[in-house]
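J.: give me a 3D structure for the following:
(chains A and B)
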There are 2 protein chains.
Amino acid sequence: MSTQSVDPRTGIAFGPVIPDTTSTQLREFCDDAAQAAQPWGDLLREERARMLRAVADALDAAGGDLIPLADSESALGLPRLTGELARTTFQIRTFADALDDGSYLGVIIDPADSRPVPVGHPDLRRMLVPLGPVAVYGASNFPFAFSVAGGDTASALAAGCPVVVKAHPAHPQLSDAVLECMRDALAAAGAPSGVISIVHGFIAGAELIVDPAIRAGAFTGSGRGGHALFTLAAGRTDPIPFYGELGSVNPVFVTSSAATRDNLAAEYLDSLLLGGGQFCSNPSVLVVPSDSGLLASIVEQVSARPDAVLLHEGVAHLFAATSTQLASIHGVRLAAGALGPAGTAGFTQSPLIFAVAAADVITDPSLLSIECFGPAGVVIEYASTDEAMAVARLVPGCLAATIHSDDTDPLAASLLPVLARRAGRVIWNGWPTGVAVTSAQQHGGPHPATTNSLHTSVGTTAMRRFLRPVAYQSFPQALLPTELRTTE
Amino acid sequence: MSTQSVDPRTGIAFGPVIPDTTSTQLREFCDDAAQAAQPWGDLLREERARMLRAVADALDAAGGDLIPLADSESALGLPRLTGELARTTFQIRTFADALDDGSYLGVIIDPADSRPVPVGHPDLRRMLVPLGPVAVYGASNFPFAFSVAGGDTASALAAGCPVVVKAHPAHPQLSDAVLECMRDALAAAGAPSGVISIVHGFIAGAELIVDPAIRAGAFTGSGRGGHALFTLAAGRTDPIPFYGELGSVNPVFVTSSAATRDNLAAEYLDSLLLGGGQFCSNPSVLVVPSDSGLLASIVEQVSARPDAVLLHEGVAHLFAATSTQLASIHGVRLAAGALGPAGTAGFTQSPLIFAVAAADVITDPSLLSIECFGPAGVVIEYASTDEAMAVARLVPGCLAATIHSDDTDPLAASLLPVLARRAGRVIWNGWPTGVAVTSAQQHGGPHPATTNSLHTSVGTTAMRRFLRPVAYQSFPQALLPTELRTTE
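T.: Model prediction:
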């Protein structure tokens, strides 16, 4: 088995045929990662930070080669990919800053208390330590930011864990080029070898998550793939944590106080169609007052929007299947666009807008669980605030949920706690696409949006996924890790 | 099916026959817990703290009834159980203090930054919110501290999650009595009904972890039981986190600089035989210099130690099986005690000391993975520091690992990083039993000691197991949760 790049604009394969990684090669990479775990994890934090910044610098310097290559394999366009690479290197530098800061270690120091138990206790000092090698599964929709050099890799490396990346088959050449760039930069900066490597092929991806050296897995992609890998990770003799970011419909609720705002329809379409609608935070469901005229505005404006080129054949097939499935749900009608591909070459798709009455969704809420990955939105029209609330209560776990409203609208105050219980991130008068890399970010909500809602894949706390606490009891200062020492 | 108490001192059943919880009853309890999730989770923190303190007060007040009942079902003795109840209510009050403090919420506030992306970002504020109802599986060896009112329940309730407890069949009457006491105290304090309930029976325990209302599970007990429940939790259509604390051999390494200390043998036996050796943090493996005479001292002193009464028939059977297994390993000899029960009535067992040369352990390290739950220790004698290091590198994931040494002994400095990579807690010149309840505590190490090493079951950070982050993006202050508001 092997992988070859395909131009999404033409559907034609090009470039080298990349053979699948063999089981023997995979074991070597994982053994190398295991060997690197101690030297990499034991590095001074400022040393790891320096090496991460060297990686970011190298990727920025290679942008002139990497960005056109990414475009040839993803059709995402040079402006978007230029921004995405900038985001990716910013993210790596943000983790380097977090290393310098050190608060991610979660240090807690409880000095000895000589009172009788249970109140009294010995000196206890706790900090987080790296888990060991991490398997990272690249996503196709962010060939930089959620792939080889993306947030999962950056957070694992920052946490002190070597990484073995499973390349996404939609951008195999870019994956190898990014890996080579990172590996060269790490080597030049003095990092131990084996800190990062890459595997290709479906079988290698499955073997990776059950390799004995691997201590955690991180994945961004489809629910089906994520669940399969989660099951493998949990089924190991020694189960390991698996962080699958699987996507959701990310509903946007518009109250009557906001429904007449200028540009709401245009802003919705901007967010819905960004990157061909291929964002996991895509706002694919919009819930609006039935008398707002928003549906009509959206239908009118979408006709002027360009067709999207989908990332790869798999996305095109899945889009065809899920859009057909949506159209078959009782009460759902296709309000704009036509089912089926928009052209004969490549993976082109015109935007689709579905419409449905809230009453029908309340009867059959299945569409709230169908992520139609690509340029498709569902507008749900509600006739009363009770209907809007009923729809909100039917929303399954999602990455993000949004409210557009005036501050004092009582429906907004009622919606917020219901949505916050179902989402990883709630948004006010904004749009869910464009997940900022900050320390307060949370990307990841309850199942089925993720396989693990306790942690995030974006933002500096993403490192916490690859760390575990260790408590040091009654140790002399000289034997403690530097971060646990106190001057007395 | 049903459960009845058995006196471990006689092996004779007594007291009421408690029927197993039916599937219908279990679903009702779980539905009640789901109904209670929002009102309990939405309570002001100081209100939940007040209710937890009311529970602690009620348990303390009921000690005169509860402690003798616990002794009749566990044979752990009144002094130990008096201390354990005090520890349990102290623990509940410690979580109440953590609620008052509020830092467990992990609030992070990133004010808006108007620079261009990726540096600029909207206002983002993150805090932790409760997961929902938690299934807690009581352990037999701590009928108070790791059972109905134990750390798992206290941390889940404190986090804002209702609890359904699976009672341990070895103390069914105590379980019901503790639950009734807690429920009455919660009701009197104004808590919503359904915040805590209890189920009995093996089948109910399995049904509980797959009930759709349950959002997480916490378990302290055997590897076999824990893995079975972990598999059920991971196999759900919506997988949930499962925190199994499964135990380990908790090795203690003695360097030559410490081997001649007075009382080391006596202290070891005190820790090894505490509670009949039925602690998950029991130091069942002691690694000593072969020329230290420590083995001889231990063998000499153990003969004066009393027999232990094991907790229940299951522990007695498992002890017989694992001690026989240990004795059959190449190079292992029984240095003190005799295999088989110590008497004809009840579950009495005399202490056993096994001895083995480090060289044999290096050839066959299987004993490092055999937790002989009860009054049995294995003394490993090493002939060189190289042998001691080789044994350390063979230690599997464990809850605790201990070093007895002078501060400047080079072997100690070499052992520490190796053991810290394998343990949840490392201890200096102390003993692993008696896990203090503090904020820096970590109880839980890498697999196979637990099914999830990222969190702890003891100490205030145990609440983190039942919380997930939510980010609020661009919300007006008035709509934010109180903890996320800033005065401007």
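J.: only C-alpha atoms from now on, for both contacts and neighbour counts.
T.: OK.
J.: phi first, then psi, for the residue nearest to residue A:92 when sequence neighbours are not counted.
T.: In this structure, residue A:92 finds its nearest non-sequential neighbour in residue A:154, 5.6 Å apart by CA to CA, 6 or more residues apart in numbering or on different chains. Backbone geometry at residue A:154, expressed as degrees, to the nearest 10, gives phi -60, psi -40.
J.: would you confirm that residue A:154 contacts residue A:90?
T.: No: in this structure, residue A:154 is not within contact of residue A:90 by CA atoms under 8 Å, at 10.6 Å.
J.: before we move on, back to that, count the neighbours of the residue nearest to residue A:92 for me.
T.: The burial count assigned to residue A:154 is 30, neighbours taken as other CA atoms under 10 Å in any protein chain shown.
J.: try residue A:391
T.: For residue A:391, the neighbour count with other CA under 10 Å is 23.
J.: quick one: it and residue A:361 touch, right?
T.: Yes: Residue A:391 is within contact range of residue A:361, at 7.1 Å (criterion: CA under 8 Å).
J.: which residues of the stretch 151-300 of chain A lie near chain B?
T.: Neighbours of chain B within the stretch 151-300 of chain A, by CA under 8 Å from any CA of the partner chain: A:231, A:234-235, A:238-241.
J.: one more time with 7 Å, if that's ok
T.: A:234, A:238-239 (CA under 7 Å from any CA of the partner chain).
J.: repeat for the stretch 351-488 of chain A
T.: Within reach of chain B by CA under 7 Å from any CA, the stretch 351-488 of chain A has these residues: A:413, A:424-428, A:436, A:439-442, A:447-448, A:451, A:453-455, A:467-475, A:479.
J.: quick check: strands, which of those residues are part of them?
T.: A:424-428, A:467-473 (DSSP state E).
J.: biggest separation within these, which pair?
T.: Greatest spatial distance in those: A:428 and A:473, 45.8 Å, computed using CA to CA.
J.: got the phi/psi numbers for residue A:391?
T.: The phi/psi pair for residue A:391 (degrees, to the nearest 10) is phi -60, psi -40.
J.: so how far is residue A:251 from it?
T.: Distance of residue A:391 to residue A:251, computed by CA to CA, to the nearest Å: 10 Å.
J.: check residue A:262 too.
T.: 20 Å.
J.: those two: which is more packed in?
T.: Higher neighbour count among residue A:262 and residue A:251: residue A:251, with 29 against 9, using other CA under 10 Å.
J.: mind checking how far the more buried one is from residue A:377?
T.: 10 Å.
J.: swap in residue A:475?
T.: Counting by CA to CA, the gap from residue A:475 to residue A:377 is 59 Å.
J.: please identify which of those two sits among more neighbours.
T.: Legend: neighbour count by other CA under 10 Å for residue A:475 and residue A:377, higher for residue A:377 (29 against 20).
J.: right, and residue A:238 touches residue B:447 too?
T.: Yes: using CA atoms under 7 Å, residue A:238 is in contact with residue B:447, at 6.1 Å.
J.: the two: which has the busier surroundings?
T.: residue B:447 (24 against 17).
J.: list the contacts of the nearest residue to the more buried one once chain neighbours are set aside.
T.: Distances taken as CA to CA, 6+ apart put residue B:397 closest to residue B:447, at 5.2 Å, once the chain neighbours are dropped. Contacts for residue B:397 (CA atoms under 7 Å, 6 or more residues apart in numbering or on different chains) come out as B:422-423, B:445-449.
J.: can you pick the most crowded of the residues you listed?
T.: Among the contacts of residue B:397, residue B:445 has the most neighbours (other CA under 10 Å), with 33 neighbours.
J.: quick one, phi/psi of it?
T.: phi -120, psi -170.
J.: just the pLDDT for the spatially closest residue to it that is not a sequence neighbour.
T.: Of all residues not flanking residue B:445 in the chain, residue B:424 sits nearest, at 3.8 Å (CA to CA, 6+ apart). In the prediction, the pLDDT value recorded for residue B:424 is 98.
J.: touching, residue B:424 and residue B:441? I think so.
T.: No: if you go by CA under 7 Å, residue B:424 and residue B:441 don't touch, sitting 9.2 Å apart.
J.: identify the contacts common to those two.
T.: With CA under 7 Å, 6+ apart as the test, residue B:424 and residue B:441 both reach residue A:471.
J.: show me the helices in chain A, by range?
T.: Here chain A has its helices, by DSSP state H, at A:23-42, A:45-61, A:63-74, A:78-101, A:151-159, A:172-189, A:202-209, A:223-235, A:264-273, A:294-302, A:313-327, A:358-363, A:385-394, A:410-420.
J.: buried stuff in the shortest one?
T.: For helix A:358-363, the neighbour count (16 or more other CA atoms under 10 Å in any protein chain shown) marks A:358-362 as buried.
J.: before we move on, what about the first one?
T.: For helix A:23-42, the neighbour count (16+ other CA under 10 Å) marks A:26-27, A:29-41 as buried.
J.: mind listing residues that contact stretch A:106-119?
T.: So stretch A:106-119 is in contact with A:120-128, B:87, B:90, B:439-440, going by CA under 7 Å, 6+ apart.
J.: also stretch A:27-34?
T.: Residues from elsewhere that reach stretch A:27-34 (CA under 7 Å, 6+ apart): A:133, A:162-163, A:194-195, A:197, A:213.
J.: one more time with 8 Å, if that's ok
T.: Stretch A:27-34 is contacted by residues A:132-133, A:162-164, A:193-198, A:211, A:213-214 when judged by CA atoms under 8 Å, 6 or more residues apart in numbering or on different chains.
J.: pull the CA atoms of it into PDB?
T.: Coordinates of each C-alpha in stretch A:27-34 appear next as PDB, following Å, rounded to 0.1, in the frame of the first residue of the first chain:
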ATOM      1  CA  ARG A  27       8.500  -0.100  15.900                       C
ATOM      2  CA  GLU A  28      11.800   1.500  15.300                       C
ATOM      3  CA  PHE A  29      10.300   5.000  15.300                       C
ATOM      4  CA  CYS A  30       8.400   4.200  18.500                       C
ATOM      5  CA  ASP A  31      11.500   2.700  20.100                       C
ATOM      6  CA  ASP A  32      13.400   5.900  19.100                       C
ATOM      7  CA  ALA A  33      10.700   8.000  20.700                       C
ATOM      8  CA  ALA A  34      10.900   5.900  23.900                       C
END
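J.: might you name the residue of the stretch 251-400 of chain A sitting closest to chain B?
T.: The nearest approach of the stretch 251-400 of chain A to chain B comes at residue A:400, 9.1 Å away (CA to the nearest CA).
J.: mind listing what that residue touches?
T.: Counted by CA under 8 Å, 6+ apart, residue A:400 has contacts A:250-251, A:281, A:423-427, A:432, A:443, A:445.
J.: try it again at 7 Å.
T.: Residue A:400 sits in contact with A:250, A:281, A:423-426, A:432, where contact means CA under 7 Å, 6+ apart.
J.: check residue A:452 too.
T.: With CA under 7 Å, 6+ apart, residue A:452 has these contacts: A:243-244.
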